[in-house]
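> the following comprises the amino acid sequence and a computationally predicted model.
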Amino acid sequence: MRDIVLYEIRKSMEEINALWASSSGAEDQNISQKEQMLADTVTELVKLSQIARKEGLLALEDSFTRLPESDGFDTLKMLMRLIVDGTDPDLIEEMALMKYFASAIKDYSALQHLIMMIGAAAIQAGENPRVLEEELALALPRHLA
């Protein structure tokens, strides 16, 4: 699974770089909003990781319901719900990958989904929030990390 995610991250980064290279002034604001969405995703994952680390996975139930109401965060809510329910990590990864490929998303949305997959797996494994933050920063475009 890890190989697939890393390959897809690379592909998303290539799409993002192409978007940057071809962007005009009018598209810059849209790109800025998408980049803010990525940064917000990392911030939320680190917060959820801190809660899970301090209070346990069940404490996430109250926390993930406060996530922003947007299409991008629907996947994160689904992943957190599965974690709280005690779903097997392999099944969660499989479901997240199926949703990713079925959605036919690309560039920033694809990268956001992949970051959520990595973050959810790390939260479920009890990874240190600081390590998670560093790991997720590696998946961001350089100027955002």
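Structure received.
> contacting residues for residue 13?
Neighbour list for residue 13: 111, 141 [criterion: Cβ atoms under 8 Å, 6 or more residues apart in numbering]. The way it works is simple: take the backbone N, C-alpha and C, and place the C-beta from them, glycine included.
> how about it, secondary structure?
At residue 13, secondary structure determined by DSSP: H, G, I helix; E, B strand; the rest coil is helix.
> look up how far residue 88 lies from residue 125.
Noted for residue 125: a distance of 12 Å to residue 88, by Cβ to Cβ, to the nearest Å.
> please list all residues in contact with the most centrally placed residue in the chain.
Nearest residue to the geometric centre of the chain (Cα atoms, centre = their mean): residue 116, 2.2 Å. By Cβ under 8 Å, 6+ apart, residue 116 lies in contact with 41, 45, 75, 76, 79, 96.
> with residue 4 instead?
residue 97.
> mind running it again at 10 Å?
Residues in contact with residue 4, defined by Cβ atoms under 10 Å, 6 or more residues apart in numbering, are 93, 97, 100, 101, 114, 117.
> other SSEs contacting the helix or strand hosting the second one?
Just to be clear, that refers to residue 97. Secondary structure assigned from DSSP states H and E places residue 97 in helix 89-103. Contact partners of helix 89-103 among helices and strands, from 3 or more Cβ pairs under 10 Å, 6 or more residues apart in numbering; DSSP states H and E: helix 2-22, helix 71-84, helix 107-125.
> picking that back up, and which of the contacts of residue 4 is nearest residue 34?
Looking at the contacts of residue 4 and their distance to residue 34, the nearest is residue 114, at 14.2 Å (Cβ to Cβ).
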